[in-house]
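**Student:** Attaching a predicted model along with its sequence, questions to come.
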Amino acid sequence: MKKNFDLKAYLVIGPENTLNRPVEDIVYSAVEAGFTMVQIRSKTVSARDIIECTRKAADAIKKSQNKASLIINDRLDIYLAAKDVRIAVDGLHVGQKDIPVETARKYLGNDAILGLSAKSHELIDYVKNADISKIDYFGAGPLHATATKPDAGLQEDGTIETRAFDELTELAKISKIPVAVGGGVKASDLPELKATGISGFFVVSAVAGAKEPYLAASELVETWEKS
């Protein structure tokens, strides 16, 4: 499986997150600031629009002097379509309720990146009991309640269950693959978050919704690196 990716600073983005600014402009700013992963995720636009968005994001990453991996959220069909038209996309990210990782890996091949996200306690159980050989990294969260994904951590009683740092420390300790944590992450969270031993963080609105995306991304990267 592909191992040359860096989970340190991970931007998740779609057209609905950018305050009507071009996705590729935000992606370029983030990668220039040192972000190492970009995930294209949208629940509001068509498959064709996501493919075109992915193309423009890939071009923005290529334009930057920094390298970043480009991931598609959930949609294996879009990943395969993008590869078919030679867009430089590197992998797929799924949740535990999405396409099974065994099926995803079958169609992705061994070189593509495959990420899986879930609540931290679910991932702890998954790491202890499941075959993780087909997965390259985990995404865990939410760290805080977030308007970007209001159902993240939603419980049956309507409350939002967020992640405790000791839970993340346990996950990082037992996981044999890298872990990134997101969900309302702010620069002020990063020192304590890094101390858990996780490999990186992911954000949406902290960069995509910022007035100055480059400055916001730079602050996050610099804070993480200095922590």
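**Tutor:** In hand now; what should we look at? Residues are numbered from 1 along each chain as shown.
**Student:** Run through the strands of the chain in chain order.
**Tutor:** 9-13, 37-40, 69-73, 91-95, 113-118, 137-140, 179-182, 200-203 (DSSP state E).
**Student:** So for Ala210, which of the ones you listed sits nearest?
**Tutor:** Between Ala210 and those, the tightest spacing by CB to CB is seen for strand 200-203, at 9.6 Å. C-betas here are computed from N, CA, C, even on glycine.
**Student:** Where does pLDDT dip in this protein?
**Tutor:** Regions of the chain meeting the criterion pLDDT under 70 cover residues 1-3, 145-163.
**Student:** rewinding a little: reformat the strands of the chain as JSON lines; add distance to Pro22 and mean neighbour count.
**Tutor:** What follows is the strands of the chain, written out as JSON lines (distance: least, CB to CB, whole Å; neighbours: other CB atoms under 10 Å):
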{"stretch": "strand 9-13", "distance to Pro22": "11", "mean neighbour count": "27"}
{"stretch": "strand 37-40", "distance to Pro22": "13", "mean neighbour count": "26"}
{"stretch": "strand 69-73", "distance to Pro22": "16", "mean neighbour count": "24"}
{"stretch": "strand 91-95", "distance to Pro22": "22", "mean neighbour count": "23"}
{"stretch": "strand 113-118", "distance to Pro22": "25", "mean neighbour count": "22"}
{"stretch": "strand 137-140", "distance to Pro22": "25", "mean neighbour count": "25"}
{"stretch": "strand 179-182", "distance to Pro22": "23", "mean neighbour count": "25"}
{"stretch": "strand 200-203", "distance to Pro22": "19", "mean neighbour count": "26"}
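**Student:** Please convert the ones you listed to JSON lines, extending it with distance to Thr223.
**Tutor:** Shown next, in JSON lines, are the strands of the chain (distance: least, CB to CB, whole Å):
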{"stretch": "strand 9-13", "distance to Thr223": "10"}
{"stretch": "strand 37-40", "distance to Thr223": "17"}
{"stretch": "strand 69-73", "distance to Thr223": "21"}
{"stretch": "strand 91-95", "distance to Thr223": "24"}
{"stretch": "strand 113-118", "distance to Thr223": "23"}
{"stretch": "strand 137-140", "distance to Thr223": "19"}
{"stretch": "strand 179-182", "distance to Thr223": "14"}
{"stretch": "strand 200-203", "distance to Thr223": "10"}
